[in-house]
Structures are given as C-alpha cells and as structure tokens.
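J.: fold the stuff below for me.
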Amino acid sequence: MPPRRPADSRADRPASRPADRRARMLALPAPADEDRHAVAAFLDRAWAEAGLSRHTLDGYRRDLEGLARWLAARGARLAGVGRQDLFAYLAWRAGEGYSPRSNARLLSALRAFFAQQLRLGLREDDPTARLDPPRLGRSLPKALSETEVEALIAAPDPTAPTGLRDRAMIELMYATGLRVSELVNLPATAVNLRQGVLRVTGKGNRERLVPLGEEAQHWLQRYLREARPVLAGGRPAAPLFLGRRGEVLSRQQFWSTVKRLAAAAGVDPVRVSPHGLRHSFATHLLNHGADLRTLQMLLGHSSLSTTQIYTLVAREGLKRLHQQHHPRA
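T.: Numbers count the residues shown, from 1 in each chain. Modelled structure (predicted):
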C-alpha cells in the first residue's frame, strides 16, 4: 500500500499550483548521465515495440526523469532503486501536492520501465511489484451543451486566414471526435472531400475512417481554398492545419486558441478544452441515438469498455432533466 504522508510533509500547507511544483522539481539536481541514458533507451524500445504515441512517451520521460532528479539529490540512481525508495518518493510527492491521478500515471510509467529492465536482464527484481495504485474516483467526461458548442464554433472570424483555420479545426473536431493530437498532426492527404471521409491514424498507429458532416466539409473546403495557401506562403507543407508562418500547430497552441474563443463566445473557458470537444461529440451522438459500437469505431477506442463511460454521462444528464422538470422529483 502507498505510505502514509509523513508528519512533516506540509499537510497543512495550501495545495500548490502545478507551476510551483514543477519549479521545485526542476530545482533538484539534473538526472545522472546513466539515468538519462537508461530512460532514453527505455523510450526508444517502448516506441519501437508498443508504438506508443509521442504524448505518452513525453509523459513517461517527465515521470522517470522526475524520479531520477529526486534520487540524484540523495546520491542514488535508477539502477539501484528499491521499493522503499519508491515509497519515500510517493510520500514526497504527496507532500508536494501531486494528485492521485498524477501518481497513477507515474506508477504506470515506473511499471513499464522496470518491466522492461527485468525482461532485458538489467534487474533481478521489480520494485513496483507490490505498489498499489492510488484510488481514483470515477470522473465523467466534461461535455459542453449543444448551445455552448454552437457558440464556440461561431466565435472565430472567418474573414481572416487564421480565423478560417480555427473555424475549420473546431468544426472538424466536433464533427469527427478527433483527439487533439490527431487533429494537429493530420496530413493534408488525410482528407477526401469527394467521398466525405477522413483517414485518421490514432493510438498504436491504428487507422480508421471517419465520416465528415456537411458543415465540416464546407468549412474545410473554404479553408483549403482561401486560407491554407496564404498560411503556407508558397512553401511546401504536409500538415493540413498550419500556423501563421506555415509551421505545424502544437497541441498547446490549439488549446490556447480554444480557450480564447470560448471567452469570446461567452462560454466559461475553465469548462472548455480541445478534449472537451471530443467528449461533446461522443455525448451528443449518444443522446441522439447512436449505439456504443458505432461510437467506439468513430472514437478509435480499442476496447468497448472505454466507450461505455459515455453511457454514464447520458444517464447523469437524464437525472438532471428529471430533477429539473418532474413535479415529484
């Protein structure tokens, strides 16, 4: 079981902000060279063997290098870390205010790392073997109402090249339920407007075909005809969606754009995120009669159990409607 928080772990201190925690983590010594090489080798093998996404690999790198920094401050190395070291590190993170969900992601990275070390004969034991993951409450996806989505979609200014791009991106995301990483990495060749479909490469390099609605097709056509040539500036460009100088848009740039447009549309920016549009796509489809198997295919989920979370969202919505309108609720 995870250890209790020690008495001197600043339990009475107000929860720290993520930026503060990251600053304190970066203030620790840099990981030892042997630890950095071990992490890099692990990530290379994980990418080659499991086809993990760049987003997942970046998360694994941050988690493993965070542990390596904490160990370096104590004169220790990843190669010799034991179960008690991991207990102590989790206790330190609890004192720093890391959430149970963040610690669950850390434990996932550690298990993958040490399992690989064990398989390659670089260790004789797995120090995560008897570490239990933190208990997580079941969080429901945050979906916007259909009215809020309509306001967000209408927020960009389509008379400007970047505004037309933003309109096309939001239309496409809501029409197809793409992950934000899938959206920003789409090549121009992924769109087939004649057939009205999009070819998407998702997690694990799995491909799926997603139908485009009429509105998404209309705004994509306008973007490709009016805005993309301007943004490309005559330079060859493979990505579908481009920045002001023809560069690839990052997930963070699109996140910032969606937040800004939400504020302009009168939608609470705290409740809005690119991933929230994916949740809204799924929830609204289910509310209008889509079946789970179809939803699974459109979202690119490898397991139906992942898609079933949206039935809970729909159920919660029905409960709220019943409480609001039934005379005996």
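J.: pLDDT score for Lys69?
T.: Heads up, residue 69 is Arg, not Lys. pLDDT, Arg69: 92.
J.: ok, Arg320 next?
T.: The model's pLDDT for Arg320 equals 54.
J.: and what of Gln117?
T.: For Gln117, the predicted pLDDT is 91.
J.: so the chain: which segments form each domain?
T.: 18-119, 146-325 (automatic domain parsing).
J.: now the ones you listed as CSV including mean neighbour count?
T.: C-beta: built from backbone N, CA, C; applies to glycine. CSV is the format used below for the domains of the chain (neighbours: other CB atoms under 10 Å):
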stretch, mean neighbour count
domain 18-119, 16
domain 146-325, 16
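J.: out of the ones you listed, nearest to Thr128?
T.: domain 18-119 (4.9 Å; CB to CB).
J.: end to end, how far does that closest one reach?
T.: 34 Å (CA to CA, to the nearest Å).
J.: circling back: in a markdown table, list the domains of the chain along with distance to Asp125.
T.: Converted to a markdown table, the domains of the chain look like this (distance: least, CB to CB, whole Å):
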| stretch | distance to Asp125 |
| --- | --- |
| domain 18-119 | 7 |
| domain 146-325 | 29 |
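J.: lowest-confidence stretch among those?
T.: Looking at the domains of the chain, the bottom one is domain 146-325 with a mean of 83.
J.: name the SS class of Leu28, please.
T.: Look at Leu28: counting by DSSP: H, G, I helix; E, B strand; the rest coil, its state is coil.
J.: the closest residue to it other than its chain neighbours sits in which helix or strand?
T.: Nearest residue to Leu28, sequence neighbours excluded (CB to CB, 6 or more residues apart in numbering): Arg69, at 4.0 Å. Arg69 belongs to helix 54-72 when elements are defined using DSSP states H and E.
J.: now that helix - C-alpha only, PDB.
T.: Extracted C-alpha coordinates of helix 54-72, given in PDB (Å, rounded to 0.1, in the frame of the first residue of the first chain):
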ATOM      1  CA  ARG A  54       4.700  10.900 -28.700                       C
ATOM      2  CA  HIS A  55       2.400  12.400 -26.000                       C
ATOM      3  CA  THR A  56       2.700   9.100 -23.900                       C
ATOM      4  CA  LEU A  57       6.400   8.900 -24.400                       C
ATOM      5  CA  ASP A  58       6.800  12.600 -23.300                       C
ATOM      6  CA  GLY A  59       4.800  11.800 -20.100                       C
ATOM      7  CA  TYR A  60       6.900   8.700 -19.400                       C
ATOM      8  CA  ARG A  61      10.100  10.800 -19.800                       C
ATOM      9  CA  ARG A  62       8.900  13.500 -17.400                       C
ATOM     10  CA  ASP A  63       7.900  11.000 -14.800                       C
ATOM     11  CA  LEU A  64      11.100   8.900 -15.000                       C
ATOM     12  CA  GLU A  65      13.400  12.000 -15.100                       C
ATOM     13  CA  GLY A  66      11.500  13.400 -12.100                       C
ATOM     14  CA  LEU A  67      12.300  10.300 -10.100                       C
ATOM     15  CA  ALA A  68      15.900  10.400 -11.300                       C
ATOM     16  CA  ARG A  69      16.200  14.000 -10.100                       C
ATOM     17  CA  TRP A  70      14.800  13.100  -6.700                       C
ATOM     18  CA  LEU A  71      17.200  10.200  -6.500                       C
ATOM     19  CA  ALA A  72      20.200  12.300  -7.600                       C
END
